[in-house]
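Student: Fold the following for me, if possible:
(one chain, ligands or ions: 1)
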Amino acid sequence: MLKLFNKTMKEIEGIIIYQVAQKEKDAMLSFLTEEGLLSIYARGVKDNKSKNAYAINVGCLSSLEINEGRLGGKSLKSATLISYLGKNLNSLLDYACFNYALELARKADEALEDKASAYKALHTFLTIEKNDDSIAHLLAYISQILIILGERMKIDGCVFCNNKNEIITYSLDDGGLVCQNHFDKGRMEKESKDQINLLRFLFMAKQAEATRINLSLPNYLHLLNQYQIFLKDNLGIDVKSFTLFKPFFSNL
Ligand SMILES: [Zn+2]
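Tutor: Got it, this is the predicted structure:
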């Protein structure tokens, strides 16, 4: 009976974004919630007979009952599936976007202060009807994460002088649009109008409206590549799932 006094129990809703097998039938779950990312030891869930097995797969939106030990270790008591958010993956591109988003959510968590907004952004990405535009939605999701990380790009004028005309490119490193006068060809590339408009749109529109811009796959991949480099070099977030996009880059 003494054990009861050393533990607290709570029930919380969230998304399973990662799991690693432990021992023979156990798993360590990464569970994203409004409170941030929780690591939960789930005993016996890899057993076919486990009643929790169906609710702890990656992509499950589930409600978990969690025991919390005195030292903060968390273990799963029971899991109830609300819905499976990976069910509408119809293409390799959908699959790549899904994996990228989950890995980013996991790796960015520590640096994110506003956990509730970060959770909402992932939930929006996973639940929205994507049709053929999962990559537009992924870019909108990454943009939201950048905003929450304090990396909102300036899109209403040149980041150096606020000039609203003669915008010829943008620089993620510098934090926004760049005008003719401040273009530094030593470390910047010129971008097309479509590319500039895409960045503008992503930092202006609501996340759910991402597909309204309706650009082509090469435009989206171009920005995804720039985001990938920015996340890695400037924020130390290395999303390995980026390699899933390789086939699409080689088809350009
Ligand atoms: Zn300028």
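
Student: Look at residue 144 and give its secondary structure.
Tutor: Following DSSP: H, G, I helix; E, B strand; the rest coil, the label given to residue 144 is helix.

Student: That one is in contact with residue 208, isn't it?
Tutor: No - counting by CB atoms under 8 Å, residue 144 does not reach residue 208; the two are 10.5 Å apart. For glycine as for every other residue, the C-beta is placed from the backbone atoms N, C-alpha and C.

Student: Tell me who's in contact with residue 84.
Tutor: By CB atoms under 8 Å, 6 or more residues apart in numbering, the residues touching residue 84 are 57, 59, 60, 61.

Student: what pairs with it across the strands?
Tutor: Per DSSP bridges, the residues bridged to residue 84 are residue 60.

Student: Of the contacts of residue 84 - the most surrounded one?
Tutor: In terms of neighbour count, residue 60 stands highest of those at 24 neighbours, by other CB atoms under 10 Å.

Student: Can you give me the distance of residue 84 to the ion?
Tutor: 48 Å (CB to the ion, to the nearest Å).

Student: That residue and residue 58, how far apart?
Tutor: Using CB to CB, to the nearest Å, residue 84 is found at 10 Å from residue 58.

Student: And for residue 237?
Tutor: 19 Å.

Student: Also residue 234?
Tutor: According to CB to CB, residue 234 stands 28 Å off from residue 58.

Student: who's more crowded, these two?
Tutor: Using other CB under 10 Å, the more surrounded residue of residue 234 and residue 58 is residue 58, with 17 against 13.

Student: Please, which helix or strand holds that one?
Tutor: For residue 58, there is no enclosing helix or strand under DSSP states H and E.

Student: Let me know whether it touches residue 95 as I believe.
Tutor: No - counting by CB under 8 Å, residue 58 stays clear of residue 95, with 11.9 Å between them.

Student: And for the spatially closest residue to residue 85 that is not a sequence neighbour, the neighbour number?
Tutor: Of all residues not flanking residue 85 in the chain, residue 126 sits nearest, at 4.1 Å (CB to CB, 6 or more residues apart in numbering). Residue 126 sits with 22 neighbouring residues when counted by other CB under 10 Å.

Student: Contacts only, for the closest residue to residue 188 other than its chain neighbours.
Tutor: Closest residue in space to residue 188, ignoring its immediate chain neighbours: residue 171 at 5.3 Å, by CB to CB, 6+ apart. Contacts for residue 171 (CB under 8 Å, 6+ apart) come out as 159, 178, 187, 188.

Student: Which of those residues are buried, as a PyMOL select command?
Tutor: The PyMOL command for the buried members of these (criterion: 16 or more other CB atoms under 10 Å) is given here:
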select buried, resi 159+178+188
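
Student: Out of the contacts of residue 171, which comes closest to the ion?
Tutor: Distance ranking of the contacts of residue 171 against the ion, using CB to the ion, places residue 178 first at 6.4 Å.

Student: doesn't that closest one fall inside a strand?
Tutor: Yes - according to three-state DSSP, the state of residue 178 is that of a strand.
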